[in-house]
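Novice: Provided below are the primary sequence and the corresponding predicted coordinates.
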Amino acid sequence: MTTVVLGGGYAGIMAANRLAARGAPVQLVTTRPWFVERIRLHTVASGARVDARVPLDELLDERVELTLGTAVRAGSDVLELESGGDVPFETLVLAVGSGASPAPDATWRSGGAWGSGAAMSPRAFRVTEEDDAARLRAELEARPDARVTVVGAGLTGIELAGALTAAGRSVRLVSAHEPRRAATKAHLAELARRGVTIETGVHLDVEHLEDTHDEVLVDATGLLVPPLAHESGLPTDEHGRLIVDETLSVPGHPRILGAGDAVLVRDPRARHLRAACATALPMGAHAADVILARADGQDPAPFDLGYLMQCVDLGNGRGHVQLVRPDDSERAIALTGRAGGLLKETVCRLTLQWMARAGRYSWPAGPAVAAAPALAR
């Protein structure tokens, strides 16, 4: 049984390598002959790294058949490519990830509030793709004295603010929300100590931003999902994410599975999941396990993932590693400073090893899920 994996990111490479390691024929379709370490793009934007590329021949199992191309539609048994060619499949894993460019007519949300997804200023930069990070770096090099306003105090915004501050930039970090987690408060306090202007609970005014020319604006408020699943007639949510069940299979399309940022798992065991490589890697591995189980005539297990930590790079070799419970809630233990930065870097390097050795990859079980109450008779 031939499996086609679409997407050469964390989930896609993990799925392809795990299938190959178990002797299953697999073909990976992706747009470029290299993998991009998305968790390092903030350092590309700051100029600390030239790129975040790893050649696929250094990561892919030699038994994986590689096809370079852009998919435009997923049919019931064939993947249609932009080039006009078709890639037939018996099973398809959609692992297209997030970070697609916004539509040309992307606009601000009403009321002047900064929104996620496509609701952004047309002059805002992003760091969700390597090309985006490179464009931001070029803009910063051309405007060495401009202040950088980063909108969004999630992990992307925090890491970018830390990297830019370490590079000597004047940085303002703005969030429409007040921080709730203790770790986020610690991140913001560290950045403030190093000179970042922190503004929380603030909605930026559209007209003010459009009239301001002495700053570089960066949108770090959310992730965009490619429209492939929706345009292929597959079930999606309001954000365009592919809907899958507890086995990562698409309802009504049992030969199609999904993994990674562009997927929404409709199952109580998945309520705590967040978009991250810490989620994409286990999802890619589990998608492979589901395919292998079915090939052996076995019922696949449901996807079950528990988290261990959240790692954040704060720049200047400093980091914050927050230990968490399986449901991603914080424990009262964190590793900070240089030690936190060292552990963060270690995890980044281990990620590549886990992908290359996908057959031996494992992950912790998720939180206990309360049984549904019995119906009254």
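Specialist: Okay, I see it.
Novice: run through who's touching stretch 14-27.
Specialist: 1-5, 28, 59-61, 63-67, 87, 89, 93, 95, 259, 280-281, 284-285, 287-289, 291-292, 295, 354-359, 361 (C-beta atoms under 8 Å, 6 or more residues apart in numbering). In this view, the C-beta of every residue, glycine as well, is placed from N, C-alpha and C.
Novice: confirm Leu79 sits in a helix?
Specialist: No - looking at Leu79 with DSSP: H, G, I helix; E, B strand; the rest coil, it is strand, so not inside a helix.
Novice: do I have it right that it meets Asp86?
Specialist: Yes - counting by C-beta atoms under 8 Å, Leu79 does reach Asp86; the two are 6.9 Å apart.
Novice: these two - which one has more neighbours?
Specialist: Using other C-beta atoms under 10 Å as the criterion, Leu79 and Asp86 rank with Leu79 on top: 24 against 13.
Novice: if I look at the closest residue to Arg255 other than its chain neighbours, how far off is Val29?
Specialist: In this structure, Arg255 finds its nearest non-sequential neighbour in Thr91, 5.3 Å apart by C-beta to C-beta, 6 or more residues apart in numbering. According to C-beta to C-beta, to the nearest Å, Thr91 and Val29 sit 13 Å apart.
Novice: what is in contact with those two at once?
Specialist: In contact with both Thr91 and Val29: Val4, using C-beta under 8 Å, 6+ apart.
Novice: which of the contacts of stretch 14-27 fall within strands?
Specialist: Using DSSP state E, the members of the contacts of stretch 14-27 that fall in strands are Thr3, Val4, Val5, Leu28, Glu65, Leu66, Thr67, Val87, Val93.
Novice: for ChimeraX, write the select line for the buried members of the residues you listed.
Specialist: To isolate the buried members of those in ChimeraX, using 16 or more other C-beta atoms under 10 Å:
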select :3,4,5,28,87,93
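Novice: tell me which two of the ones in strands among the contacts of stretch 14-27 sit farthest apart.
Specialist: Between any two of the ones in strands among the contacts of stretch 14-27, the greatest separation by C-beta to C-beta is 14.8 Å, found for Leu66 and Val93.
Novice: mind listing what the residue nearest to Arg255 touches?
Specialist: Met1, Thr2, Thr3, Val4, Arg255, Ile256, Leu257, Ile291.
Novice: report the buried members of the residues you listed.
Specialist: Thr3, Val4, Arg255, Ile256, Leu257, Ile291.
Novice: in CSV: those residues, plus distance to Pro227.
Specialist: Shown next, in CSV, are the buried ones among the contacts of Thr91 (distance: C-beta to C-beta, whole Å):
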residue, distance to Pro227
Thr3, 23
Val4, 19
Arg255, 21
Ile256, 16
Leu257, 19
Ile291, 25
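Novice: save those as CSV, and put in distance to Gly152 and pLDDT too.
Specialist: As requested, these are exported to CSV (distance: C-beta to C-beta, whole Å; pLDDT from 0 to 100):
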residue, distance to Gly152, pLDDT
Thr3, 36, 98
Val4, 35, 99
Arg255, 37, 96
Ile256, 32, 98
Leu257, 31, 99
Ile291, 36, 98
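Novice: closest to Ile158 among these?
Specialist: Leu257 (32.4 Å).
Novice: backbone dihedrals for Ala334, please?
Specialist: Dihedral pair for Ala334: phi -150, psi 150, per degrees, to the nearest 10.
Novice: actually Leu242, not the one I typed
Specialist: The phi/psi pair for Leu242 (degrees, to the nearest 10) is phi -70, psi 130.
Novice: hang on, it packs against Pro251?
Specialist: No - Leu242 sits out of contact with Pro251 when judged by C-beta under 8 Å, with a separation of 10.4 Å.
Novice: show me which of those two is the more surrounded one.
Specialist: Using other C-beta under 10 Å, the more surrounded residue of Leu242 and Pro251 is Leu242, with 30 against 12.
Novice: look up the residues forming beta bridges with the more buried one.
Specialist: Thr236, Val263 (DSSP bridges).
Novice: Thr91 now?
Specialist: Thr3.
Novice: I'd like to know how far it sits from Asp313.
Specialist: With C-beta to C-beta as the criterion, Thr91 and Asp313 are 37 Å apart.
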